[in-house]
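A.B. asks: here are the coordinates; sequence isn't available:
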DNA sequence: ATGGCCTTGGTACAAGGA
């Protein structure tokens, strides 16, 4: 079983690249972030033609998430975090096969002294409680998406220059560890990886060509799933496309 | 060189992203 996450930065723009990627990478489930589409504009028919069911939760202009699945529609779908009032469409959850999948587009936070950072902290508190409850009900669980957190210094191209800036603050990293503390593990770090592995590169400054990026897109798997994880990789290929998303997909492979 | 790019909404340029 293969599961993946990809921040597409506008599904309206990236739909052809998504369909190309799915044809080359027929994963069993895929969560998308930053679809930036209201639900009435979501390209469900095109995705169905590619062989995927899809659940989605969108809004105008910003955010928006989706959960694609290849062998039947996801079951028991939940949109956003129950009990956490939020105008922003950031979470979609569903059961694919015997795995509970939570796809999240974590708030950016803008700057550590901003109102958006306060929102990010509150959102992360609510997410942790939600994941804890989901995990209790579904031991086989995957939490994946655009976390907007670089968990360690090795997840940033210049951790000295970026120290204390958004994505690298101690508060954000403590929240990442809080999620790990629920009984999850960063699938990417279960394996030896190339140094300077990142999942996002700024559109500016020739950042991708210079590999000046951040690893902020993650796949966390529950302890019950950990023994089944056989690989976790970042697919840089779509970042080389014309008009690419600034994020690369991350893929995890589970045995049986 | 402290900004560089991309997307949306809307049709000029501001906001947001990371």
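C.D. replies: On my side now, so go ahead. Computed from a predicted structure; not experimentally measured.
A.B. asks: so what's the residue nearest to residue A:97 when sequence neighbours are not counted up against?
C.D. replies: Closest residue in space to residue A:97, ignoring its immediate chain neighbours: residue A:1 at 6.5 Å, by Cβ to Cβ, 6 or more residues apart in numbering. For the C-beta atoms, the positions are set from N, CA and C on the backbone; glycine is no exception. Contacts for residue A:1 were tallied using Cβ atoms under 8 Å, 6 or more residues apart in numbering; they are A:28, A:97, A:99, A:253-254, A:256.
A.B. asks: list phi and psi for the residue nearest to the spatial centre of chain A.
C.D. replies: For chain A, the residue nearest the mean C-alpha position is residue A:145 (1.0 Å; Cα atoms, centre = their mean). The phi and psi torsions at residue A:145 (degrees, to the nearest 10) take the values phi 150, psi -160.
A.B. asks: quick one: the top helix by length along chain A near DNA strand B?
C.D. replies: Taking DSSP state H as the criterion, chain A has its longest helix at helix A:115-137. Yes - in this structure, helix A:115-137 sits against DNA strand B according to Cβ under 7 Å from any atom of the strand; the contacting residues are residue A:116.
A.B. asks: before we move on, back to that, so who does the residue nearest to the centre of chain A touch?
C.D. replies: Taking Cβ under 8 Å, 6+ apart, we find residue A:145 in contact with A:5, A:7, A:31, A:33, A:65, A:102-106, A:217-218.
A.B. asks: pLDDT at the nearest residue to it once chain neighbours are set aside, what is it?
C.D. replies: Spatial nearest neighbour of residue A:145, chain neighbours left out: residue A:104 (3.8 Å); criterion: Cβ to Cβ, 6+ apart. On pLDDT, residue A:104 comes in at 98.
A.B. asks: in terms of helices and strands, where is residue A:104?
C.D. replies: According to DSSP states H and E, residue A:104 maps onto strand A:99-105.
A.B. asks: so which elements touch that strand?
C.D. replies: For strand A:99-105, the contact count by 3 or more Cβ pairs under 8 Å, 6 or more residues apart in numbering; DSSP states H and E identifies strand A:2-7, strand A:29-33, strand A:65-69, strand A:91-96, helix A:115-137, strand A:141-146 as packing neighbours.
A.B. asks: deepest of those, which one?
C.D. replies: Ranked by mean neighbour count under mean count of other Cβ atoms under 10 Å, these are led by strand A:29-33, which reaches a mean of 29.
A.B. asks: ok, then the element right after it?
C.D. replies: Using DSSP H and E, the first helix or strand after strand A:29-33 is helix A:44-49.
A.B. asks: got the buried residues for that following helix?
C.D. replies: Neighbour-count burial for helix A:44-49 flags residue A:47 (criterion: 16 or more other Cβ atoms under 10 Å).
A.B. asks: follow-up on the earlier one: got the helices and strands packed on strand A:99-105 as JSON lines, with distance to residue A:155 and mean pLDDT columns?
C.D. replies: Supplementary listing: those in JSON lines, determined by distance: least, Cβ to Cβ, whole Å; pLDDT from 0 to 100:
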{"stretch": "strand A:2-7", "distance to residue A:155": "16", "mean pLDDT": "98"}
{"stretch": "strand A:29-33", "distance to residue A:155": "18", "mean pLDDT": "98"}
{"stretch": "strand A:65-69", "distance to residue A:155": "22", "mean pLDDT": "98"}
{"stretch": "strand A:91-96", "distance to residue A:155": "22", "mean pLDDT": "98"}
{"stretch": "helix A:115-137", "distance to residue A:155": "17", "mean pLDDT": "97"}
{"stretch": "strand A:141-146", "distance to residue A:155": "13", "mean pLDDT": "98"}
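A.B. asks: as JSON lines, those with distance to residue A:239 would be great.
C.D. replies: JSON lines is the format used below for the helices and strands packed on strand A:99-105 (distance: least, Cβ to Cβ, whole Å):
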{"stretch": "strand A:2-7", "distance to residue A:239": "11"}
{"stretch": "strand A:29-33", "distance to residue A:239": "15"}
{"stretch": "strand A:65-69", "distance to residue A:239": "20"}
{"stretch": "strand A:91-96", "distance to residue A:239": "24"}
{"stretch": "helix A:115-137", "distance to residue A:239": "25"}
{"stretch": "strand A:141-146", "distance to residue A:239": "14"}
